[in-house]
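J.: Next one to model:
(chains A and B)
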2 protein chains.
Amino acid sequence: MIQRRKTRSIKYGTVTLGGDAPVTVQSMTNTRTDDVHATVCQIMELYDAGCEIIRVAVPDMFAAKALPSIISQSPMPVIADIHFDYRLALASIEAGIHGLRLNPGNIKKPEHIKTVVIEAKSRNIPIRIGANAGSLSKEWLENTDHSLPHTERIAQAMVSGAFSQINILQDLDFFDIVVSLKSSDVWTTIHAYRQMAKQCDYPFHLGITEAGPLVQGTVKSSIGLGMLLADGIGDTVRVSLTDTPVKEVQVAHMILRSLGLRKVFPEIVSCPTCGRTRIPVIPIAREVEEKLSQIRADITVAVMGCEVNGPGEAREADIGIAGGDGFGILFKKGKIVERVPEAQLVDRLLFEIKQMIQLKGDNNP
Amino acid sequence: MIQRRKTRSIKYGTVTLGGDAPVTVQSMTNTRTDDVHATVCQIMELYDAGCEIIRVAVPDMFAAKALPSIISQSPMPVIADIHFDYRLALASIEAGIHGLRLNPGNIKKPEHIKTVVIEAKSRNIPIRIGANAGSLSKEWLENTDHSLPHTERIAQAMVSGAFSQINILQDLDFFDIVVSLKSSDVWTTIHAYRQMAKQCDYPFHLGITEAGPLVQGTVKSSIGLGMLLADGIGDTVRVSLTDTPVKEVQVAHMILRSLGLRKVFPEIVSCPTCGRTRIPVIPIAREVEEKLSQIRADITVAVMGCEVNGPGEAREADIGIAGGDGFGILFKKGKIVERVPEAQLVDRLLFEIKQMIQLKGDNNP
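T.: Presented below is the predicted three-dimensional model:
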């Protein structure tokens, strides 16, 4: 249904971005990178949650020195996030990093930039460059069309800022580039990526930056990334939340699933409660959600409040439960399978789901 | 920025829908309607959270009998949600209800439909009709274009289903109609409203039904409602979550704010934490979010992890705090105002926000 934008294909280790590759989910550790144990633990936790590419901050040589150990233990490609100091980029490349996030324009000396780019190129390490609305120079803002609305002017400046970074790399014959254009404003972000999409074929890393706490950040990321992905724009996504990075990964998968782009984890269909509700739907739905987050399968699971309307309204769901008085029902594709005592309802549902997955054999898509 | 679809204007009591009216936020109580005290308490709580229209289920005469008392105590228009029984509609009209949600096609006898419609018309009570994907008849599904993808066929059936309800009302010379087309699938919902938007000028009530628990429901509602609202489609929204209705109202306002449609409550800009973070950003952002949900003002508040990048990255925010070691900073529009001990940071921020609001005088937009 979604016609994806044609992009150049690049590789972070074994993970492809762009071309015909599916949209990947990434996140960033918030541990101290020089604490190898804590960082690897978080990487494993994020991997289990569906993270496919992980970025770590490399603010100093202590962090760079931790990279070989982190990379060797990571089940997914690792990207080093670097600011200003080209020696950190070289140390990261030396450590076997799979990707770099840096703006070459922030490295002051041209010979330093050149050294980093030559090393990255010789090892096929892509570089993500980006312009964030929060760090635009006055110059970029001045050089925009003053007749445009504010958000579009900022977007224009972001695109110019990104091209100034791209040009440095292209002039050094480097084209393994990923582009990001982040703002905490939804429209600014959408305008920037849409403008950029017309002007280059580099794959895009999508994100709304500093989107806020869990719920507000989820709203802004879902609208911004959702509209761009629906346009076919975006090759990898990072949802940015002021919450645990596991939530970022979960929300990213929910966005991709809602648009039909990827269906890695189950989806829950559940009713808002009303006067007719006969079981405590809110805690039951939360429990089912929590338990399903451990299961990888393209399956839709319903949790409905009432036996009368539930199965019919949720007939598009593969399997579901609905409340009765003391007893609930288990149904599949809208058809009642069995009455089950309320206390056993969730366990029974999960048992049936696991059986369905085994039969379908799509435990690890 | 968003060109809104031109719609006929209708009125629920003093609240206008469609025409030039802003997109309104509504929700539904999940108390027993015949429990007047519980229902009115929840209505007050929802009103404080920003709810502007409230729907209550009227499943029986006990509920209908409670309506006069509920309506007289409600600070916002009350809509009665009715299925099948025309007497409940008549009793609700008699009770002074401001709107009805019913499908005339579900009331079997033509003379009963006519009685309800005549009564509603004589008191200027709008009727919302709707087709939900979960309750489409086989006939509607059969009468669709079988060459279309599944989601578009369902959408087509929903539009036909809605028109069959609209036609009953129009044949009785009734035009105070609001239309909803809900599915738990994001694309089906988007297709249905987009198709319908081309075929009538009635105002639309937007919603993704049975969207799921808090986070997943927020993702689906934000994408679905976000894309439609960005197209200019939608006159009132109901976010449907398996959670407290207060969350539904908060998420609805966040969606409208993110798109720049309405800015009733503050927005938080906050960074995901990283290795550089010097204050516990996650709990601080949650505390600020919680406290700001009580304040009505178009203001952007930043909660940033580090003193070095925070103020610059969040310079679009009206006011913000960033972490230091033991001390934090308070900044306005990117400029540092003062260093504040960490323990006093949140209180000081809220004090400054309240002062800013008093100066701006937009406490009650």
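J.: Using CSV, write down the CA coordinates of stretch A:259-276.
T.: Output in CSV follows, covering the C-alpha atoms of stretch A:259-276 (Å, rounded to 0.1, in the frame of the first residue of the first chain):
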residue,chain,number,x,y,z
LEU,A,259,0.9,1.3,9.0
GLY,A,260,1.3,-2.3,7.9
LEU,A,261,5.0,-1.8,7.2
ARG,A,262,6.3,-4.5,9.5
LYS,A,263,4.4,-6.9,11.8
VAL,A,264,7.0,-8.2,14.2
PHE,A,265,5.1,-8.2,17.5
PRO,A,266,1.4,-8.9,18.3
GLU,A,267,-1.2,-6.2,18.2
ILE,A,268,-3.9,-5.8,20.8
VAL,A,269,-7.5,-4.8,20.0
SER,A,270,-9.2,-3.8,23.2
CYS,A,271,-12.3,-1.8,24.0
PRO,A,272,-12.5,1.3,26.1
THR,A,273,-14.5,0.1,29.1
CYS,A,274,-18.2,1.2,29.4
GLY,A,275,-21.2,0.6,31.6
ARG,A,276,-21.7,-2.9,30.0
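J.: ok, and does that stretch reach over to chain B?
T.: Yes - using C-beta under 8 Å from any C-beta of the partner chain, stretch A:259-276 comes into contact with chain B via A:259, A:260, A:267, A:268, A:269, A:270, A:271, A:272, A:273, A:274, A:275, A:276. The C-beta positions use only the backbone N, C-alpha and C, and glycine is treated the same way.
J.: residues contacting the fourth one?
T.: Read it as residue A:268. A:285, A:288, A:289, A:292, A:300, A:301, A:302, A:303, B:212, B:213, B:216 (C-beta atoms under 8 Å, 6 or more residues apart in numbering or on different chains).
J.: again, 6 Å this time
T.: A:289, A:301, B:212, B:216 (C-beta atoms under 6 Å, 6 or more residues apart in numbering or on different chains).
J.: quick one: the helices in chain A?
T.: A:36-48, A:61-73, A:86-94, A:110-122, A:138-142, A:150-171, A:186-197, A:214-230, A:245-258, A:281-292, A:310-313, A:345-360 (DSSP state H).
J.: Residue A:5: which of those is closest?
T.: Nearest to residue A:5, of all these, is helix A:186-197, at 5.7 Å by C-beta to C-beta.
J.: what is the orientation angle of that closest one with helix A:150-171?
T.: If you take axes from the mean of the first three to the mean of the last three C-alpha atoms, to 10 degrees, helix A:186-197 sits at 40 degrees to helix A:150-171.
J.: what's the burial count for residue A:72?
T.: Residues lying near residue A:72 (other C-beta atoms under 10 Å in any protein chain shown) number 11.
J.: how much space between it and residue A:43?
T.: 12 Å (C-beta to C-beta, to the nearest Å).
J.: now do residue A:327
T.: 44 Å.
J.: Where does pLDDT dip in chain A?
T.: Where chain A drops to pLDDT under 70, the residues are A:275-276, A:361-365.
J.: Go again with 50.
T.: A:363-365 (pLDDT under 50).
J.: domain assignment for it?
T.: Domain ranges of chain A: A:10-258, A:267-360, per automatic domain parsing.
J.: for the ones you listed, which one sits closest to residue B:220?
T.: Closest to residue B:220 of the domains of chain A is domain A:10-258 (C-beta to C-beta; 5.0 Å).
J.: Compute the first-to-last residue distance for that closest one.
T.: Terminal residues of domain A:10-258 are spaced 26 Å apart (C-alpha to C-alpha, to the nearest Å).
J.: Quick check: the two most widely separated of the contacts of residue A:268?
T.: A:301 and B:216 (11.0 Å).
J.: So which of residue A:327 and residue A:43 has more stuff around it?
T.: residue A:43 (24 against 17).
J.: ok, that one - contacts?
T.: Residues counted as contacts of residue A:43 (C-beta under 6 Å, 6+ apart) are A:54, A:74.
J.: and the single nearest residue of the stretch 251-365 of chain A relative to chain B, what does it touch?
T.: Residue of the stretch 251-365 of chain A nearest chain B, by C-beta to the nearest C-beta: residue A:313 (3.4 Å). Taking C-beta under 6 Å, 6+ apart, we find residue A:313 in contact with residue B:134.
J.: try 7 Å this time
T.: A:304, B:134, B:135, B:210 (C-beta atoms under 7 Å, 6 or more residues apart in numbering or on different chains).
J.: What separation do you get for it and residue A:235?
T.: For residue A:313, the distance to residue A:235 - C-beta to C-beta - is 36 Å.
J.: How about residue A:336: what's its closest non-neighbour residue?
T.: Spatial nearest neighbour of residue A:336, chain neighbours left out: residue A:329 (5.2 Å); criterion: C-beta to C-beta, 6 or more residues apart in numbering or on different chains.
J.: for that neighbour, what are its contacts?
T.: Counting by C-beta under 7 Å, 6+ apart, residue A:329 has contacts A:307, A:321, A:322, A:336, A:339.
J.: repeat that with 8 Å
T.: A:307, A:310, A:311, A:321, A:322, A:336, A:337, A:338, A:339, A:340 are the contacts of residue A:329 under C-beta under 8 Å, 6+ apart.
J.: Highest neighbour count among these?
T.: residue A:310 leads those on contacts (other C-beta under 10 Å) with 34 neighbours.
J.: so that one touches residue A:273, yeah?
T.: No - Residue A:310 is beyond contact range of residue A:273, at 11.9 Å (criterion: C-beta atoms under 8 Å).
J.: Was I right to think residue A:78 contacts residue A:54?
T.: Yes - in this structure, residue A:78 is within contact of residue A:54 by C-beta under 8 Å, at 5.6 Å.
J.: that older thread, among the contacts of residue A:329, which lie within strands?
T.: Judged by DSSP state E, the contacts of residue A:329 include A:321, A:322, A:336, A:337, A:338, A:339, A:340 as members of strands.
J.: Format those as TSV; extra columns: distance to residue B:169.
T.: Below are those laid out as TSV (distance: C-beta to C-beta, whole Å):
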residue	distance to residue B:169
A:321	37
A:322	32
A:336	35
A:337	39
A:338	42
A:339	40
A:340	42
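J.: out of the residues you listed, who's nearest residue B:14?
T.: Nearest member of those to residue B:14, counting by C-beta to C-beta, is residue A:322, at 38.5 Å.
J.: Please name the nearest non-neighbouring residue to the closest one.
T.: residue A:310 (3.2 Å).
J.: What residues does that neighbour make contact with?
T.: Each residue near residue A:310 by C-beta under 8 Å, 6+ apart is listed here: A:271, A:302, A:304, A:320, A:322, A:323, A:329, A:331.
J.: need those in TSV with distance to residue A:1, can you?
T.: TSV is the format used below for the contacts of residue A:310 (distance: C-beta to C-beta, whole Å):
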residue	distance to residue A:1
A:271	26
A:302	23
A:304	27
A:320	25
A:322	30
A:323	34
A:329	33
A:331	28
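J.: got any residues that touch both of residue A:301 and residue B:216?
T.: A:267, A:268.
J.: Buried ones among the residues of stretch A:259-276 next to chain B?
T.: By neighbour count, with 16 or more other C-beta atoms under 10 Å in any protein chain shown, the residues of stretch A:259-276 next to chain B hold A:259, A:260, A:267, A:268, A:269, A:270, A:271, A:272, A:273, A:274, A:275, A:276 as buried.
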